[in-house]
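Q: here's a sequence, model it:
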Amino acid sequence: MRNGDTRVRGLAARAGGWSARHRWAAVGIWVLFVVLAMGLGSAAGRVDVKDSDQLKGETHTAAKIIEDAGIDEPASESVLIQARDAGGKATDADFRAAVAAVVKAVEGTGKVTDVTSPYNTNTISKDGRSALVQFDMRGDADTAGERVEPVLKAVEGVQKEHESLRIEEIGGASMMKTFDDAFGDDFQKAELSAVPVALGILLIAFGALVAALLPVLLAVSAIMATMGLMGIVSHVMPMSDTANSVMLLVGLAVGVDYCLFYLRREREERQAGRDSQTALRIAAATSGRAIIVSGVTVCVAMAGMLFTGLAEFEAMGLASLMVVAVAMVGSVTVLPALLSLLGERVEKGKIPWLHPESRLRRKRSGNRESRFWTAVLKGVLAKPVVSVVVAAGALLAVAAPALGMKTQNLTLDQEFGDSLPIVQTYNRVNEAFPGGSEPAEVVVKAADINAPEVTGALADFKAKAISSGASRGPVEIKLHDAQNVAFVYVPLVGGSDLDKAGESLDKLRDEVRPATLGKVDGVEAPITGQVAGSKDFNDQLAGAVVPVFAFVVVFAFVLMLLSFRSLTVAITSIVLNLLSVGAAYGILVAVFQHGWGASLVGAEGVGAIITWLPLFLFVILFGLSMDYHVFVVSRIREAHLRGRSTKDAIQHGVVTTAGVVTSAAVIMVAVFAIFGTLSMQSMKQMGVGLAAAVLIDATIIRGVLLPAVMALLGERNWYLPKWLHRLPDLTHDEAADAVATPAARDDESEPLRV
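A: Residues are numbered from 1 along each chain as shown. Got it, this is the predicted structure:
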């Protein structure tokens with residue numbers, strides 16, 4: 001490893017040195033940056049992803065036709081009126097009275113338009129027990145959920161007057177309100193829980209209030225700055241609420257982790273007897289460098305989402321990338337400045353029974369290694385072949401269920417289970433009127449929508465949709481004469497069963513449409529709706545998987561190669577991370593698709609993984625896994641550069657980082673596990689998947705597989721072919737002894753002996 005090389009100091013060391021010398025300036029610049037970002041972002045406002053930009057394919061074409069025509073499609077609502085006993089019928093007098101009362105009540109709110117009676121539109125179920133009063137919400141469909149409350153109250157009032165019947169409302173606006181309320185409550189719960197949980201774990205890890213507060217405050221400030229930046233950037237690339245939530249999750253995780261790495265190394269050096277400034281220089285040159293390598297790798301992984309072509313993914317990727325970059329910069333600039341300002345006061349607010357000094361009094365001052373991991377490593381390094389076979393075999397077994405992964409956009413009943421009353425209404429409507437709660441929507445555009453051949457084709461389509469078996473009706477046609485556009489609403493056979501409904505959609509697209517509307521020249525008839533959107537999303541995502549996987553893996557490999565100048569380390573990093581991701585996939589499929597242990601997390605009956613999650617998890621986990629990998633391997637390499645044998649370096653690197661990796665992992669698992677407790681299955685799946693992967697990564701991967709593989713490889717861990725020696729050298733390694741010497745002056749251009 002050419003221990004005699006002379007290299008200039010690394011970026012992290014220079015940044016830390018400058019911040020320590022100009023500490024007030026560094027803190028002031030950071031505060032100014034956060035305030036300016038928030039102020040400018042608030043002034044600019046946030047532009048969200050438009051429906052027409054969400055997807056490609058027919059869903060995109062339909063949304064574009066509606067947008068270009070200037071049609072503001074209203075949010076449609078239905079009121080289900082259903083006899084509670086089998087003998088009740090829609091022809092009964094009290095049933096008719098209830099229908100009339102519902103019509104009068106919803107019209108009386110002044111919030112609705114185009115109210116229709118089931119007796120006029122024939123929206124009565126085949127068994128005669130159920131009927132639908134249908135209407136549209138006034139105003140913008142995107143904000144209809146904010147205005148539907150009075151209508152819901154009016155329907156509840158009618159229900160109280162007709163207790164022998166079931167009277168319930170469902171539709172775009174009421175589902176939007178339900179979703180927003182649940183989404184808001186869930187994330188408020190997550191936000192209120194995540195920070196105290198992280199702070200509590202940090203208190204245990206550091207045993208001092210000030211030291212525990214620093215990572216949390218820095219992570220929160222990075223999140224606040226990124227929220228402002230998202231507003232500015234959204235005018236170029238639109239953002240979304242989901243992107244905001246993902247940014248919060250990732251920002252808190254990496255922000256706390258990066259500061260934790262830095263603080264623990266600085267504290268470790270002080271406990272070894274070094275003065276505060278020397279300890280800070282060592283932390284900057286070692287942990288600071290690991291943070292930059294890890295941060296850049298995570299950013300590259302997040303950038304993979306920009307290649308999906310899906311607006312929601314692009315927003316999540318960019319938001320995550322920004323918060324990681326901001327947290328990384330803050331960790332290597334303002335954190336050293338704060339530590340320099342605080343000095344020994346970083347230990348203020350000590351909790352005696354938790355503070356490391358109280359624990360170390362019973363130990364030799366030099367023994368800071370984890371007893372547990374020392375014992376584990378002793379066995380792993382004694383029998384590395386057995387360790388690799390057992391650990392890798394176990395992870396492959398855990399990953400096996402992922403081979404049968406089924407993905408789809410979750411329906412309302414899958415998303416919320418039985419936790420919300422509207423889910424039962426949704427199921428009852430689908431049972432009485434299959435596909436009626438979420439019909440397929442055919443957007444027909446013609447040069448003249450009232451031309452005889454067009455009206456004839458529309459009538460044929462309506463008839464054939466039912467005769468083909470794709471729908472049981474009623475099929476509704478709504479004309480917009482001025483724009484020469486027609487909307488055809490087709491309830492799909494299969495209802496909330498997206499597999500069966502998907503077959504009905506295929507019949508409409510591949511059989512019914514070509515035989516009717518497809519025969520008229522100049523007519524466009526893309527089919528959209530929930531089922532179509534799920535299919536188009538799946539199709540587009542499937543096409544994005546290979547380029548995204550390739551981009552993330554190749555760039556992560558290159559970064560690891562340049563950062564450690566070892567072909568072996570780069571290859572093993574990729575393989576171990578892929579194994580970790582595969583195990584997380586297997587757990588997700590086992591729990592949420594097959595239902596193994598689903599009751600433990602409240603996930604019974606989901607039966608599928610939400611479409612966007614596998615690719616999202618791959619990108620996020622591949623990035624976050626590098627945190628621990630870079631930190632541990634950097635410590636191993638540092639020990640090796642200082643003259644230890646590879647086996648001793650592995651032992652030293654793993655056990656001395658065990659405390660910080662464990663603390664960081666516990667924080668990540670705790671924060672992600674909070675999302676696993678939320679009511680929405682998509683958030684629950686994300687939380688469980690992330691928590692499981694981080695737990696596996698910090699224990700089996702870093703504690704067993706990594707040291708076992710490196711022990712087997714020996715000196716080959718540091719192999720770099722001669723033809724790769726010309727690659728840029730981004731290692732900038734600085735052994736602690738070198739940094740601590742008087743030669744390590746503050747002059748940024750001073751060469752250091754490694």
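Q: what's the spacing between the residue nearest the centre of the chain and residue 664?
A: Compute the mean C-alpha point of the chain, and by Cα atoms, centre = their mean the closest residue is residue 246, 4.8 Å away. For residue 246, the distance to residue 664 equals 19 Å [Cβ to Cβ, to the nearest Å]. For every residue, glycine as well, the C-beta is placed using N, CA and C.
Q: tell me where the stretch 451-600 of the chain has strands.
A: Residue ranges of the strands in the stretch 451-600 of the chain, as given by DSSP state E, counting those that start in this stretch, are 476-480, 485-490, 527-528.
Q: just say which of those strands is most tucked in.
A: strand 527-528 (a mean of 24; mean count of other Cβ atoms under 10 Å).
Q: now that one, how far from the centre of its chain.
A: 27 Å (Cα atoms, centre = their mean, to the nearest Å).
Q: that one pairs with which strands, parallel or anti?
A: strand 440-445 (antiparallel) (DSSP bridges).
Q: angle of the partner strand against strand 476-480?
A: For strand 440-445 against strand 476-480, the angle by axes from the mean of the first three to the mean of the last three Cα atoms, to 10 degrees is 30 degrees.
Q: any idea how far residue 67 is from the nearest residue to residue 70 once chain neighbours are set aside?
A: Spatial nearest neighbour of residue 70, excluding adjacent residues (Cβ to Cβ, 6 or more residues apart in numbering): residue 483 at 6.9 Å. According to Cβ to Cβ, residue 483 and residue 67 sit 11 Å apart.
Q: do you have the strands of the stretch 51-200 of the chain handy? List them.
A: Using DSSP E, counting those that start in this stretch, strands in the stretch 51-200 of the chain cover 76-83, 112-116, 130-137, 165-171.
Q: export those to JSON lines and tack on mean pLDDT, mean neighbour count and distance to residue 317?
A: JSON lines is the format used below for the strands of the stretch 51-200 of the chain (pLDDT from 0 to 100; neighbours: other Cβ atoms under 10 Å; distance: least, Cβ to Cβ, whole Å):
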{"stretch": "strand 76-83", "mean pLDDT": "91", "mean neighbour count": "24", "distance to residue 317": "33"}
{"stretch": "strand 112-116", "mean pLDDT": "91", "mean neighbour count": "15", "distance to residue 317": "40"}
{"stretch": "strand 130-137", "mean pLDDT": "92", "mean neighbour count": "24", "distance to residue 317": "34"}
{"stretch": "strand 165-171", "mean pLDDT": "91", "mean neighbour count": "23", "distance to residue 317": "33"}
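Q: wait, which of the strands of the stretch 451-600 of the chain is closest to residue 307?
A: Closest approach to residue 307 among the strands of the stretch 451-600 of the chain is made by strand 527-528 (24.7 Å; Cβ to Cβ).
Q: buried sites along stretch 394-410?
A: Buried positions in stretch 394-410, judged by neighbour count with 16 or more other Cβ atoms under 10 Å: 395, 398, 399, 401, 402, 405, 407, 408, 409, 410.
Q: circling back: nearest to residue 279, out of the strands of the stretch 451-600 of the chain?
A: strand 527-528 (60.7 Å).
Q: between the strands of the stretch 451-600 of the chain, which gets nearest to residue 453?
A: Per Cβ to Cβ, nearest to residue 453 of the strands of the stretch 451-600 of the chain: strand 485-490, 13.4 Å.
Q: okay, the closest one in CSV with CA atoms only?
A: Extracted in CSV, the C-alpha atoms of strand 485-490 (Å, rounded to 0.1, in the frame of the first residue of the first chain):
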residue,chain,number,x,y,z
VAL,A,485,-64.0,15.4,-25.9
ALA,A,486,-66.1,12.6,-24.3
PHE,A,487,-65.5,10.7,-21.1
VAL,A,488,-66.7,7.1,-20.9
TYR,A,489,-66.8,5.6,-17.4
VAL,A,490,-66.6,1.8,-17.4
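Q: quick check: angle from that strand to strand 476-480?
A: Using the same axes, to 10 degrees: strand 485-490 against strand 476-480 is 170 degrees.
Q: state the distance from the residue nearest to residue 695 when sequence neighbours are not counted to residue 693.
A: The shortest distance from residue 695 to any non-neighbouring residue, by Cβ to Cβ, 6+ apart, is to residue 669 (5.3 Å). Note on residue 669: its distance to residue 693, by Cβ to Cβ, is 9 Å.
Q: neighbour count: the two, which is higher?
A: residue 693 (30 against 21; other Cβ atoms under 10 Å).
Q: didn't that one look like it was pressed against residue 618?
A: No: judged on Cβ atoms under 8 Å, residue 693 makes no contact with residue 618 at a distance of 10.0 Å.
Q: separation between residue 624 and residue 209?
A: On the measure of Cβ to Cβ, residue 624 and residue 209 end up 27 Å apart.
Q: burial of residue 151, as a residue count?
A: 26.
Q: show me what the mean pLDDT comes to for stretch 234-246.
A: The average of the pLDDT scores along stretch 234-246 is 84.
Q: and that stretch, what's buried?
A: Neighbour-count burial for stretch 234-246 [16+ other Cβ under 10 Å]: 234, 237, 238, 239, 240, 242, 243, 244, 245, 246.
Q: residue ranges in the stretch 551-700 of the chain under the pLDDT threshold?
A: Along the stretch 551-700 of the chain, the model assigns pLDDT under 70 to no residue.
Q: can you give me the helices in it?
A: Along the stretch 551-700 of the chain, counting by DSSP state H, counting those that start in this stretch, helices occupy 567-588, 613-641, 646-676, 681-696.
Q: which residues touch residue 564?
A: With contact taken as Cβ atoms under 8 Å, 6 or more residues apart in numbering, residue 564 is in contact with 570, 633, 634, 637, 731.
Q: which one, of the strands of the stretch 451-600 of the chain, ends up nearest to residue 35?
A: strand 527-528 (43.3 Å).
Q: hang on, the earlier thing: just the buried residues of stretch 394-410: which are in helices?
A: 395, 398, 399 (DSSP state H).
Q: using a markdown table, lay out the residues you listed together with distance to residue 202.
A: Shown next, in a markdown table, are these (distance: Cβ to Cβ, whole Å):
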| residue | distance to residue 202 |
| --- | --- |
| 395 | 29 |
| 398 | 30 |
| 399 | 32 |
